[in-house]
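S.K.: Dropping a prediction and its sequence here:
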Amino acid sequence: MDEVLATGHTFSSMSQRDRALARAIAGTVLRRCGQVDAVLDLYLAHPLPQKTGLMRGILRCATAEILFLRSPAFAIVNEAVSQAASKGKTRAFRHLANAVLRKVATEGLDKLKDLPPSLNIPDWLQTSWKTAYGDQVIEDAASVLIADQPTDITVFGNAKSWAEKLNGHVLGGQSARIQAKDRQSGDVTKWPGFEEGAWQVQDAAASLPVALLAPKPGEHIADLCAAPGGKTAQLADAGAKVVAVDRAQNRLQRLEQNMKRLGLDVQSVCGDVMQWQSETPLDAILLDAPCSATGVFRRHPDVLALKSEEQVCELASMQFSLLAAATQNLRPGGRLVYCVCSAQVEEGEQIAARALAELPLEAASINLETLPFGQEFVSGHALRIAPGAWADKGGLDAFYMASFTRKG
Ligand SMILES: C[S@@+](CC[C@H](N)C(=O)[O-])C[C@H]1O[C@@H](n2cnc3c(N)ncnc32)[C@H](O)[C@@H]1O
């Protein structure tokens, strides 16, 4: 959604106020899709036929506005009907839109009482998450999905002082959290300290893989799959000599811009981790593998609509290959942290188990003192944050990270 909104011509030509509303509508549809569809299905006598263009989209947006953004219903129904009338494929459904949305406006809120937020988590994820984490996980995940999202930052310098300046609080170590109600504006680039590189936006969970790796000054460390560089910055800030590898040129450019803003010195390499070879064996490696990203569903709710079980299987085989390739660059005794922002065990626990069986890696014990927070998520040589974690504190992205050392 962020990419579409950043590059879409219609969106960029709107006023700032309209853009904020469009973003709120799209975000609400993505966060509440299950509930929105369930309400609509109550009033659609027959499912919409296949080739109705944007018809379901128009109905979903209008329903989300009526039920959750509480905009004046008559204006929204009129707008939706004229949107339907303006396009060839949807024109035939304008009367249907009128009838259905009038029902939504008069009865929808009442019906919603019997439609729990868990409907917003797709069935395949509910099955997979219940199996992995137990039944309670769905309620927790559903509640963080529809909550206001806090902004987390990683501070380079005095975390307490920056947290106070930004109306936030320190979570532990260099991570601070600013609750949505305490934010100064939606545009973080205008917040004090952004321009001068005092901090970066980074979910608290995403800061933990580097804490697990425990980089030391002067160590040669590769950050593999590094862009846009959230973890690279943490490694460089700890004084390590960092090489950041990513195959996406445009994302690597963002990494370079970010390092410039933060005043950090990093070698960046555009290349494929499957082929990349370090000039000398490395002290440590961080591999933040590409994944289904189901763990970041609360900050990027579009993953709920975009990702599928089939993709998870394909990704898992690629993740193992990347881990095998990365291991070759490590010196004997060197450390490696493998991490994914996925809630799927196929991309986390199962990859780590396979690595222990098939690669020259052994499980490294986790020093709880090097973890600034999150000790409750540690299990053996890994740390697993399940969906819906910290539901009472504003949530935390679901992550898996495992710690290894290379056999001699
Ligand atoms: C999860 S994101 C990395 C986020 C980053 N580590 C951070 O903390 O800001 C995954 C990255 O892997 C990169 N990638 C995917 N496959 C790759 C490959 N075979 N070689 C190098 N980079 C790859 C993508 O371009 C993407 O930038």
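M.R.: That came in fine, so what should we check first? Numbering: from 1, shown residues only.
S.K.: could you measure the residue lying closest to residue 186 once chain neighbours are set aside against residue 356, distance?
M.R.: Nearest non-adjacent residue to residue 186, counting by Cβ to Cβ, 6 or more residues apart in numbering: residue 20, 7.3 Å away. Bear in mind the C-beta positions are built from the backbone N, C-alpha and C, glycine included. In this view, residue 20 and residue 356 are 48 Å apart by Cβ to Cβ, to the nearest Å.
S.K.: Summarise which helices and strands the helix or strand hosting residue 257 is packed against.
M.R.: Element membership for residue 257 (DSSP states H and E) is helix 249-262. Packing partners of helix 249-262 (3 or more Cβ pairs under 8 Å, 6 or more residues apart in numbering; DSSP states H and E): helix 230-237, strand 241-246, strand 267-270.
S.K.: Let's have those in a markdown table, adding distance to the ligand, mean neighbour count and mean pLDDT.
M.R.: A markdown table is the format used below for the helices and strands packed on helix 249-262 (distance: least, Cβ to the nearest ligand atom, whole Å; neighbours: other Cβ atoms under 10 Å; pLDDT from 0 to 100):
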| stretch | distance to the ligand | mean neighbour count | mean pLDDT |
| --- | --- | --- | --- |
| helix 230-237 | 3 | 26 | 98 |
| strand 241-246 | 4 | 25 | 98 |
| strand 267-270 | 9 | 16 | 98 |
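S.K.: picking that back up, please say whether there is contact between the helix holding residue 257 and the ligand.
M.R.: Yes: if you take Cβ under 6 Å from any ligand atom as the test, helix 249-262 does meet the ligand, through residue 251.
S.K.: Pull the residues that contact that helix.
M.R.: Contacts to helix 249-262, defined as Cβ atoms under 8 Å, 6 or more residues apart in numbering, come from residues 156, 195, 197, 200, 226-229, 232-233, 236-237, 244, 246, 265-266, 268, 270.
S.K.: let's see it at 6 Å
M.R.: Helix 249-262 is touched from outside by 197, 227-229, 233, 244, 246, 266, 268, 270, with contacts defined as Cβ atoms under 6 Å, 6 or more residues apart in numbering.
S.K.: and the residues you listed as TSV, adding distance to residue 39?
M.R.: Output for the contacts of helix 249-262, formatted as TSV (distance: Cβ to Cβ, whole Å):
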residue	distance to residue 39
197	46
227	40
228	38
229	42
233	44
244	46
246	42
266	49
268	48
270	47
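S.K.: Looking at those, which is nearest residue 33?
M.R.: Using Cβ to Cβ, residue 228 comes nearest to residue 33 of the contacts of helix 249-262, at 27.5 Å.
S.K.: any idea how far that closest one is from the ligand?
M.R.: Separation of residue 228 from the ligand (Cβ to the nearest ligand atom, to the nearest Å) stands at 5 Å.
S.K.: do residue 121 as well
M.R.: For residue 121, the distance to the ligand - Cβ to the nearest ligand atom - is 22 Å.
S.K.: Could you give the number of residues near that residue?
M.R.: Residue 121 has 22 neighbours, counted by other Cβ atoms under 10 Å.
S.K.: Now do the contacts for residue 269.
M.R.: Counting by Cβ under 6 Å, 6+ apart, the residues that residue 269 touches are residue 245.
S.K.: Quick check: it vs residue 286, distance?
M.R.: To residue 286, residue 269 is 14 Å away according to Cβ to Cβ.
S.K.: Spell out the secondary structure type for the residue nearest to residue 186.
M.R.: What DSSP: H, G, I helix; E, B strand; the rest coil gives for residue 20 is helix.
S.K.: i'd like the first residue to be 148 from this point on
M.R.: Let's use 148 as the start, then, which means that last one is residue 167.
S.K.: What's the separation between it and the ligand?
M.R.: Residue 167 is 26 Å from the ligand, where distance means Cβ to the nearest ligand atom.
S.K.: Tell me the one among the contacts of helix 396-409 nearest to residue 526.
M.R.: Relative to residue 526, the closest of the contacts of helix 396-409 is residue 380; by Cβ to Cβ it sits at 27.5 Å.
S.K.: how much space between the most centrally placed residue in the chain and residue 224?
M.R.: Central residue of the chain (Cα atoms, centre = their mean): residue 443, 2.7 Å from the mean position. Applying Cβ to Cβ, the value for residue 443 to residue 224 is 34 Å.
S.K.: Same check on residue 317?
M.R.: To residue 224, residue 317 is 47 Å away according to Cβ to Cβ.
S.K.: again, but for residue 313
M.R.: For residue 313, the distance to residue 224 - Cβ to Cβ - is 41 Å.
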